[in-house]
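Participant: whatever this is, show me its structure:
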Amino acid sequence: MTIVTSWNRALTLRTFVAVTLAIISLASVSSGPASKDGPFGFSGLPLREVADVPLGGKTTRFDYESVDSSRHLLFIAHLGDGEVVVFDTDMFRVVGRITNVNSVHGVLAVPELGRVYASATGTNEVVVIDPATLEITARIPAGVYPDGMAYAPEARRLFVSDETGGTSTVIDVTSNQRVGTTPLGGEAGNTQYDPVSKHIFVNVQTRNQLVEIDPASGKVVARIDVPGAKRNHGLLVDADQRLAFIACEGNDRLVVLDMQTMRVSSSFDVGKDPDVLAYDASLHLLYVASEAGVLSMFRVEAGAISKLGDTRVGPNAHVVTVDPKTHRIYVPLKSLGGRTMLRILEPQRQDAG
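Facilitator: Residues are numbered from 1 along each chain as shown. The predicted structure follows:
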């Protein structure tokens with residue numbers, strides 16, 4: 001068993017209890033087996049392993065995840081099992097499972113609404129979950145293949161990527177009703193909200209474009225060509241530094257778009273078939289997860305991005321998220337030693353001087 005934690009803040013009673021329970025419950029923590037593509041490990045990057053926690057369920061595919069730091073909860077889409085796994089990030093254990101979310105792909109916690117949204121691709125709907133009770137409160141039609149989601153707070157609308165339908169489904173969160181569909185002109189990748197422009201951005205991966213949508217009207221206001229992109233699927237917006245990070249599964253590249261000029265400023269090699277991105281805004285650290293099990297790590301400062309390196313974090317480790325309060329990184333793995341596992345990492349702090 002390996003539990004390594006950075007104690008940069010004072011211990012609270014809750015933290016002490018959490019770690020004690022973690023020690024008890026993680027007696028079977030694994031360091032990760034070698035694969036045919038090489039061993040998994042964290043050498044060469046400023047990362048350390050906190051813990052491996054069994055998630056239960058069948059050894060089937062996971063997809064997106066989303067953290068609600070205010071409730072200390074992580075919501076994980078267990079696509080193959082058709083359920084959302086709820087993990088307590090303080091207590092280091094699974095505290096709930098929301099079932100009957102058929103082929104769940106996307107999951108998005110919106111703390112200000114007190115809701116969690118999950119895209120159930122098997123039934124072509126968005127499922128609304130109450131994070132307090134872990135009960136499903138509504139089901140909303142959401143196109144042909146609902147996937148990624150983004151919330152525009154001013155318009156109180158949720159935008160859902162309809163991947164094979166080539167549209168973005170617009171949902172009014174007040175009424176829990178579908179109120180519109182925005183044609184994209186191609187296959188939809190992930191979608192993100194930009195709090196500076198207050199617009200929604202969606203990858204159109206069959207056109208190598210980034211589409212900008214006005215949430216109030218639901219209409220496309222700009223189409224941005226992304227040179228060097230091939231099947232741009234993953235997307236993340238750094239609002240403070242006005243950058244969009246675009247993961248391209250067709251050519252294994254991370255393309256960086258300057259959102260002030262709407263032009264590509266740089267691009268980098270990443271692991272094969274990159275998928276989900278995560279960003280720690282306060283530490284200026286970007287993570288790109290790939291189907292090949294490679295996690296790429298970048299530093300983003302003063303509008304510039306530099307690559308810190310790659311590490312093999314686990315088999316099919318294509319999903320990653322960051323808790324902005326603790327800076328911990330969560331990577332669900334469908335099979336590690338024959339069990340589902342949540343691999344928890346954290347960046348190592350670099351002392352000045």
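
Participant: tell me the contacts of F268?
Facilitator: Shown in contact with F268 (CB atoms under 8 Å, 6 or more residues apart in numbering): R253, L254, V256, S296, F298, I305, K307. Backbone N, C-alpha and C define where each C-beta goes, glycine included.

Participant: which residues does the second one bridge with?
Facilitator: L254 has the following beta-bridge partners by DSSP bridges: A247, F268.

Participant: burial check on it, number of neighbours?
Facilitator: Neighbours of L254 under the rule other CB atoms under 10 Å: 25.

Participant: what distance do you get for it to A289?
Facilitator: For L254, the distance to A289 equals 11 Å [CB to CB, to the nearest Å].

Participant: shared neighbours, these two?
Facilitator: Shared contacts of L254 and A289 (CB under 8 Å, 6+ apart): P274.

Participant: give me the below-cutoff pLDDT ranges for this structure.
Facilitator: In the predicted model, the chain carries pLDDT under 70 at residues 1-43, 350-353.

Participant: what segments of it are helices?
Facilitator: Under the criterion DSSP state H, the chain carries helices at the ranges 13-25.

Participant: before we move on, the earlier item: mind putting the contacts of F268 into CSV with distance to L345?
Facilitator: Formatted as CSV, these follow (distance: CB to CB, whole Å):
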residue, distance to L345
R253, 24
L254, 19
V256, 23
S296, 13
F298, 15
I305, 20
K307, 17
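
Participant: ok, so of those, who is nearest F92?
Facilitator: Top of the list for closeness to F92, among these and by CB to CB, is S296 at 26.2 Å.

Participant: how many neighbours does the closest residue to T121 other than its chain neighbours have?
Facilitator: Once flanking residues are discounted, T121 sits nearest to S103: 4.3 Å by CB to CB, 6 or more residues apart in numbering. A count of nearby residues for S103, using other CB under 10 Å, gives 19.

Participant: OK, contacts around the residue lying closest to N176 once chain neighbours are set aside?
Facilitator: Leaving aside its chain neighbours, N176 sits nearest to A138 (4.3 Å; criterion: CB to CB, 6+ apart). Contacts for A138 were tallied using CB under 8 Å, 6+ apart; they are V127, V128, N176.

Participant: I'd say Q205 and H233 touch.
Facilitator: Yes. If you go by CB atoms under 8 Å, Q205 and H233 touch, sitting 5.2 Å apart.

Participant: find residues that contact each of those two.
Facilitator: Residues touching both Q205 and H233 (CB under 8 Å, 6+ apart) are G189, E249.

Participant: more crowded one of those two?
Facilitator: Each of Q205 and H233 has its neighbours counted (other CB under 10 Å); Q205 has more, 27 against 24.

Participant: got the contact list for that one?
Facilitator: Here Q205 is in contact with G186, E187, A188, G189, R231, N232, H233, E249, G250 (CB under 8 Å, 6+ apart).

Participant: distance check, it against S265.
Facilitator: 20 Å.

Participant: swap in H199?
Facilitator: For H199 relative to S265 (CB to CB), the value is 20 Å.

Participant: give me the more crowded residue out of those two.
Facilitator: H199 (19 against 16).

Participant: list the contacts of the more buried one.
Facilitator: Counted by CB under 8 Å, 6+ apart, H199 has contacts A152, Y193, E212, I213, D214, P215, V221.

Participant: list only buried entries from those.
Facilitator: Using 16 or more other CB atoms under 10 Å as the burial test, the contacts of H199 include A152, Y193, E212, I213, D214, P215 as buried.

Participant: hang on, the first one packs against K198?
Facilitator: Okay, so that is A152. Yes. In this structure, A152 is within contact of K198 by CB under 8 Å, at 7.0 Å.

Participant: okay, and the common contacts of the two?
Facilitator: Joint contacts of A152 and K198 (CB under 8 Å, 6+ apart) are P215.

Participant: show me the beta-bridge partners of L295.
Facilitator: Going by DSSP bridges, L295 forms beta bridges with A289, T311.

Participant: what residues are up against it?
Facilitator: For L295, counting by CB under 8 Å, 6+ apart, the contacting residues are G271, Y287, V288, A289, D310, T311, R312, V313, A317, V320, V331.

Participant: check the gap between it and I305 for me.
Facilitator: Following CB to CB, the distance that separates L295 from I305 is 16 Å.

Participant: now R339
Facilitator: 36 Å.

Participant: between those two, who's got more neighbours?
Facilitator: Shown here are R339 and I305; by other CB under 10 Å, I305 has more neighbours (21 against 17).
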